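Participant: Using only what follows, build the 3D model:
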Amino acid sequence: MRHILDRPIWSALDTAHASLAEGNERARRYPPSIVPFAASADDTPESLEALENLPEADETMLLVEAGPIAVPRGLAAVSEALAVQMIAERPHERITDSRIQPLSEVDAAEMLALATLTKPGPFTRRAQSLGTFWGIKAEGRLIAMAGQRLRQTGFAELSGLCTHPQFQRRGLGTLLFLFVAGEIAARGETAYLHAYANNTPAIGLYRSLGFRLRSDMNLRVVKRRA
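Facilitator: Purely as a prediction, here's the structure:
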């Protein structure tokens with residue numbers, strides 16, 4: 001039986017993020033201004049055709065699945081990568097720290113600048129549409145953040161974790177990681193995350209923080225064929 005996280009983009013757009021979805025019952029995507037994620041409900045010809053019709057000529061979409069990714073004939077793969085999906089082994093305790101504060105639309109430009117600098121994954125100025133983000137500020141600027149991206153019934157993805165290079169190796173990333181994991185657990189949901197399969201240092205860190213490997217994942221960036 002397929003796990004709800006095997007097709008995490010589809011299951012998010014079919015449950016907790018249904019209000020953000022563009023498309024229909026065969027294929028859906030997030031608005032590109034939020035995140036370039038898309039998915040088909042399954043690999044039937046009807047669903048793949050619906051997926052093919054989602055992007056405009058100049059748009060790319062990111063597909064993420066546990067199994068092999070079927071690409072419609074009218075779309076071309078721009079790039080692909082291997083990743084892992086990790087899930088919390090137990091509910092993390094909720095923690096408090098006076099340095100951590102919720103981020104808002106006022107912080108959107110700084111959040112995008114930090115993500116652009118550190119490259120934690122796809123990130124846009126409207127990323128907060130997906131879920132709450134928290135950050136730590138110093139010297140009048142945002143220096144570290146983390147938040148939530150994909151959400152399904154009973155699950156939430158921990159994402160956007162990054163620290164400004166000038167403030168790394170001070171434990172800020174670990175602190176925010178545990179904080180967000182605790183906030184997700186406090187809602188009665190299970191935290192999970194994605195990492196590139198070759199990022200062994202990050203995978204080792206996540207293991208030490210109470211996450212285990214749930215599944216290997218495939219990533220493909222696609223666009224319309226010329």
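
Participant: Check which residues of the longest helix along the chain are buried.
Facilitator: Determined from DSSP state H, the single longest helix within the chain is helix 172-186. Neighbour counts using 16 or more other C-beta atoms under 10 Å place 172-173, 175-185 of helix 172-186 among the buried residues. C-beta here means a position set from N, CA and C on the backbone, and glycine is covered the same way.

Participant: same for that helix, what does it pack against?
Facilitator: Here helix 172-186 touches strand 75-88, strand 100-102, strand 133-138, strand 141-152, strand 155-163, strand 190-196, going by 3 or more C-beta pairs under 8 Å, 6 or more residues apart in numbering; DSSP states H and E.

Participant: Can you spell out which residues form a bridge with the closest residue to Gly121 other than its chain neighbours?
Facilitator: In space, and not counting its chain neighbours, Gly121 is closest to Ser159: 6.5 Å by C-beta to C-beta, 6 or more residues apart in numbering. Beta-bridge pairing for Ser159 (DSSP bridges): Gly147.

Participant: Ser159: neighbour count?
Facilitator: If you count neighbours by other C-beta atoms under 10 Å, Ser159 ends up with 24.

Participant: still on that earlier bit, which of the buried residues of helix 172-186 sits closest to Gly23?
Facilitator: Ile184 (26.7 Å; C-beta to C-beta).

Participant: residues contacting the closest one?
Facilitator: With contact set as C-beta atoms under 8 Å, 6 or more residues apart in numbering, Ile184 has these partners: 88, 92, 148, 156, 158, 190-191.

Participant: tell me the pLDDT at it?
Facilitator: Per-residue confidence (pLDDT) for Ile184: 98.

Participant: And Lys119, how far from Ile143?
Facilitator: 16 Å (C-beta to C-beta, to the nearest Å).

Participant: pLDDT at the spatially most central residue of the chain, what is it?
Facilitator: Nearest residue to the geometric centre of the chain (C-alpha atoms, centre = their mean): Arg149, 4.5 Å. If you check Arg149, the pLDDT there is 97.
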